[in-house]
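J.: Structure, please.
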Amino acid sequence: MKQPPAPLPVLARIGPAPGVTLVARVLHRPEPGRPVAVLLPAMGAAARFYLPFARALHQEGLTVVTVDLRGHGEATPAVARGVRFGYREMAEEDLPAVVAAVRAALPGRPVVLVGHSLGGQLALLHAAAGRESVDAVVLVAAGSVWYRSFGGPRGLRNLAASQLFAALAALIGYWPGKRFGFGGTEAAGVMRDWARQGRTGRYRIKGSTTDYEKALGRLDLPLLAVGVDNDTLAPPGSREHLLSKVPRAALDRWQYTRDAAGGKPVDHFRWVRHNAALSAHVAQWVRKATAGCPETGGPETARPETAQSETGSPENFQPDDLQPDDGQSYDKRSDPHAR
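T.: Residues are numbered from 1 along each chain as shown. Model prediction:
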């Protein structure tokens with residue numbers, strides 16, 4: 001039986017809100033000033049699914065931090081009935097706490113959010129709100145879920161499905177995706193916010209005082225948007241609708257093709273397995289985009305490349321049902337936000 005890869009060293013345990021814990025792990029580059037790429041997963045994906053991508057970015061010269069979205073992977077509590085959160089908690093509590101922890105542990109380095117799918121949407125929302133600044137954002141296979149951006153009958157099917165799923169999640173108390181054959185287990189609040197954006201095209205997030213549409217319109221950070229061939233979950237219309245919200249961003253676009261992947265198949269998820277050219281392009285862009293960033297903080301004292309768990313030894317690693325470490329066993333349906 002194939003053993004899962006060893007977990008990355010722990011950089012920080014983060015408590016963004018009472019009763020909530022996130023675990024940030026790191027592949028560290030000791031050279032001073034190297035940019036830090038913080039990887040944000042797609043809806044329903046565990047951070048360890050991105051280990052091939054994280055290792056490739058590290059080999060390209062970046063320090064890489066991985067962290068699960070709230071309710072997933074190593075984050076506690078896990079999604080269940082009575083565990084309530086949505087986009088607001090992730091964008092306004094979790095991500096500011098993650099960025100602050102990264103800057104505290106790795107001072108003097110530019111910090112770039114690299115978000116896949118929903119992770120990309122959350123990266124933009126966080127950057128626009130400005131609660132804890134970042135130096136650039138990278139979107140990979142990330143798009144709006146507005147039904148009109150998918151066009152035609154598919155858009156209408158997306159609209160009907162998203163509203164039904166959100167209503168069922170509210171009734172049950174969470175979304176049991178495996179029971180219904182669509183996605184994984186997700187918080188009812190996340191499904192609510194996903195469905196609202198899918199219906200209206202706008203980020204009007206329950207419980208937030210931030211006007212995200214205006215905030216996105218003011219965002220002027222460097223932004224790289226990577227599209228992926230054969231991506232039916234974030235097709236061009238979906239990506240362009242999301243990018244239309246950030247007209248002031250210093251935007252670069254790049255398309256990851258099967259040819260660029262050496263003839264290997266790529267789509268919304270399989271790019272993670274066949275990522276060499278994509279990782280090289282992202283790392284090169286990050287270095288260029290952050291070249292003029294002033295250093296923040298003093299000299300580094302932490303050595304997270306040898307970090308241990310709080311017990312003094314590497315933590316035990318228990319895979320869940322996804323088992324995505326080698327990029328081969330991930331189900332496309334586990335990212336329902338983009339369907």
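J.: make it CA atoms for all contacts and neighbour counts henceforth
T.: OK.
J.: Which neighbouring elements make contact with the lengthiest helix in the chain?
T.: Secondary structure of the chain per DSSP state H: the longest helix is helix 152-172. Secondary-structure packing of helix 152-172 (3 or more C-alpha pairs under 8 Å, 6 or more residues apart in numbering; DSSP states H and E): strand 174-176, helix 188-200.
J.: let's go with 7 Å and repeat that
T.: When contacts are defined as 3 or more C-alpha pairs under 7 Å, 6 or more residues apart in numbering; DSSP states H and E, helix 152-172 packs onto helix 188-200.
J.: if we can go back for a sec, tell me which residues of the longest helix of the chain come out buried.
T.: Across helix 152-172, burial judged by 16 or more other C-alpha atoms under 10 Å covers G155, N158, L159, S162, Q163, F165, A166, A167, L168, A169, A170.
J.: Sort out which one of these lies nearest E132 for me.
T.: Taking C-alpha to C-alpha as the measure, E132 sits nearest to A166 out of the buried residues of helix 152-172, at 30.2 Å.
J.: Look up how far G198 lies from that closest one.
T.: 11 Å (C-alpha to C-alpha, to the nearest Å).
J.: picking up where we left off before, and which of the buried residues of helix 152-172 is nearest to Q121?
T.: S162 (17.1 Å).
J.: does the closest one really touch D193, like I thought?
T.: No - with contact defined as C-alpha atoms under 7 Å, S162 does not reach D193; the gap is 10.2 Å.
J.: ok, which stretches of the stretch 51-200 of the chain are helices?
T.: 51-59, 87-89, 95-105, 118-129, 152-172, 177-180, 188-200 (DSSP state H, counting those that start in this stretch).
J.: count of neighbours near A104?
T.: 16 (other C-alpha atoms under 10 Å).
J.: go on, E60?
T.: Neighbours of E60 under the rule other C-alpha under 10 Å: 16.
J.: Please apply the same query to the one 4 residues further on.
T.: Other residues within reach of V64 by the criterion other C-alpha under 10 Å amount to 26.
J.: State the distance from it to Y212.
T.: Applying C-alpha to C-alpha to V64 and Y212 gives a distance of 28 Å.
J.: same question, H72
T.: Counting by C-alpha to C-alpha, the gap from H72 to Y212 is 25 Å.
J.: what about these two, which has more around it?
T.: A count of neighbours by other C-alpha under 10 Å puts H72 above the other of H72 and Y212, at 23 against 20.
J.: Help me confirm that the more buried one comes into contact with A78.
T.: Yes - under the criterion of C-alpha under 7 Å, H72 makes contact with A78 at 5.9 Å.
J.: which other residues reach the helix-or-strand element of the chain with minimal mean pLDDT?
T.: In the chain, no helix or strand scores lower on mean pLDDT, DSSP states H and E than helix 177-180, which sits at a mean of 86. Residues from elsewhere that reach helix 177-180, judged by C-alpha atoms under 7 Å, 6 or more residues apart in numbering: G183, G184, T185.
J.: Considering those, which is situated nearest to Q3?
T.: G184 (23.3 Å).
J.: Give me the number of neighbouring residues for the residue nearest to the closest one when sequence neighbours are not counted.
T.: Spatially, and ignoring its direct neighbours in sequence, G184 is nearest to G177 (4.4 Å; C-alpha to C-alpha, 6 or more residues apart in numbering). Number of residues near G177 (other C-alpha under 10 Å) recorded here: 18.
J.: so who does L95 touch?
T.: Per C-alpha under 7 Å, 6+ apart, neighbours of L95: H126.
J.: so where is this protein shaky, pLDDT-wise?
T.: 1-2, 294-339 (pLDDT under 70).
J.: Kindly recompute the last result at 80.
T.: 1-5, 181-183, 294-339 (pLDDT under 80).
J.: Which stretches in it count as strands?
T.: According to DSSP state E, the chain carries its strands in the segments 10-14, 22-27, 36-40, 63-67, 111-116, 136-140, 174-176, 185-187, 222-228, 250-256.
J.: can I get those strands in TSV with distance to F150?
T.: Output for the strands of the chain, formatted as TSV (distance: least, C-alpha to C-alpha, whole Å):
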stretch	distance to F150
strand 10-14	37
strand 22-27	34
strand 36-40	24
strand 63-67	30
strand 111-116	18
strand 136-140	18
strand 174-176	23
strand 185-187	23
strand 222-228	15
strand 250-256	18
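J.: Can you check which of these gets nearest to T290?
T.: Checked against C-alpha to C-alpha, the stretch from the strands of the chain lying closest is strand 136-140, at 7.3 Å.
J.: Need the CA coordinates for that closest one. PDB is fine.
T.: In PDB, the C-alpha atoms belonging to strand 136-140 read as follows (Å, rounded to 0.1, in the frame of the first residue of the first chain):
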ATOM      1  CA  ALA A 136       0.500  40.400  -5.200                       C
ATOM      2  CA  VAL A 137      -2.100  37.800  -6.100                       C
ATOM      3  CA  VAL A 138      -2.000  34.800  -8.400                       C
ATOM      4  CA  LEU A 139      -5.200  33.100  -9.600                       C
ATOM      5  CA  VAL A 140      -5.100  29.600 -11.000                       C
END
